[in-house]
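*Asks:* this one's sequence-less:
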């Protein structure tokens, strides 16, 4: 790239940094200088042990706190990142994104030191481990979706009754530890019954990410039980030690998750067979009973019919007797009411010598009810008398 027009220094620095972004790399060196600022940012220098060349590096607080490595002078490390030119200082700095120890000896030493530290805090105590739910329905899985592990796990997982939430993550090498820690933290937002971290076996170098301190602490405070299925080379990873349950292969993990459901299915099948067997035996016994009853019980059945008829006849007589008594009672009451009506009848009063006087059909109760000249109708027991009122 050739610039034909004059530009400012700031513009040129921006062009430099744009080009430097294309130089992302992984470099190996020995820490020769180190300063961790109060802000949490780490500033260190890497030195080539053969040539003596140096490379100033910086690692920002968030990445340094999750990388799982506490840098020390003389430590050989591998860092990944890209260079950046600071125009205000006139200095080129390699901005590290990941850092990992180099060599099995260094990794093993760091493993032992961190294991001792976390063990003293009680993170590996058996008393703090939680049992898996008996009947798991929803599983959270953190692994690489591009490897054979996820297929092995899926093929061995029970084929019904599970909902699976998969989070793709890098699971290889020391640098993967911080990413795994962030993945576990992200899974806290999922409604799952158990969290599973799986990958195949490998060397201490390839499994070093599962010895990351941030990852171990995220597992320890996860809200539901955590199952880690990571093959190990020499020592069990710290992630497996802190997990509530640990297994060595994804296949065993899948079998463990489905074990309770498989046992329940087998138990149900046994009960189903027992019910069918009992039902069949009951049918056979009933058939035999019916056959024996038909052979020896016809006379008894006829006798029961005769007894039933006699009982029904006796009941009918009792019912008819009760009905006759009720009818007599009603007749007596009707006679009494009839006598009461007759004793209060107007016709009876006429027969006793009383009469009823009417004018224009209206019964006369007072002399004020009629006028002279009105026609008076007087009803007696055997007829009616008609007269005219002359005076009052």
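*Replies:* Right, received. Where do you want to start? The structure displayed is predicted, hence computed values, not measured ones.
*Asks:* Pull out the buried residues from stretch 355-367.
*Replies:* Counting neighbours by 16 or more other Cβ atoms under 10 Å, one finds that the buried residues in stretch 355-367 are 357, 364. (Glycine included, C-beta is placed from N, CA and C.)
*Asks:* measure it end to end?
*Replies:* With Cα to Cα, to the nearest Å applied, stretch 355-367 spans 16 Å between its terminal residues.
*Asks:* now it, how far from the centre of its chain.
*Replies:* Centroid separation for stretch 355-367 versus its chain: 95 Å, with Cα atoms, centre = their mean, to the nearest Å.
*Asks:* which stretches of the stretch 101-250 of the chain form helices?
*Replies:* For the stretch 101-250 of the chain, the helices defined by DSSP state H, counting those that start in this stretch occupy 104-120, 148-156, 176-187, 213-220, 238-242, 250-296.
*Asks:* roughly how far apart are residue 271 and residue 258?
*Replies:* Relative to residue 258, residue 271 is positioned 20 Å away (criterion: Cβ to Cβ, to the nearest Å).
*Asks:* make that residue 286, sorry
*Replies:* Counting by Cβ to Cβ, the gap from residue 286 to residue 258 is 41 Å.
*Asks:* Have a look at these two and say which one is more surrounded.
*Replies:* When neighbours are counted by other Cβ atoms under 10 Å, residue 286 and residue 258 differ, and residue 258 comes out ahead with 19 against 10.
*Asks:* And the pLDDT for the more buried one?
*Replies:* Per-residue confidence (pLDDT) for residue 258: 80.
*Asks:* Just to check, it is in contact with residue 157?
*Replies:* Yes: applying Cβ atoms under 8 Å, one finds residue 258 in contact with residue 157, separated by 6.4 Å.
*Asks:* and residue 188, how many neighbours?
*Replies:* Taking other Cβ under 10 Å as the criterion, the count of residues near residue 188 is 14.
*Asks:* Correction: the previous question concerned residue 44.
*Replies:* A total of 26 residues lie near residue 44 under the criterion other Cβ under 10 Å.
*Asks:* Use 93 as the first number from now on
*Replies:* Renumbered: residue one is now 93, and that last one reads residue 136.
*Asks:* Quick check: closest non-adjacent residue to it.
*Replies:* Nearest-residue entry for residue 136: residue 126, 4.5 Å, with adjacent residues in sequence omitted and distances by Cβ to Cβ, 6 or more residues apart in numbering.
*Asks:* cool, and residue 228?
*Replies:* residue 285 (4.7 Å).
*Asks:* residues in contact with the one you found?
*Replies:* Residues touching residue 285, when contacts are defined by Cβ atoms under 8 Å, 6 or more residues apart in numbering, comprise 225, 228-231, 316.
*Asks:* again, 10 Å this time
*Replies:* For residue 285, the set of contacting residues under the criterion of Cβ atoms under 10 Å, 6 or more residues apart in numbering consists of 224-225, 227-232, 254-255, 316-317, 349.
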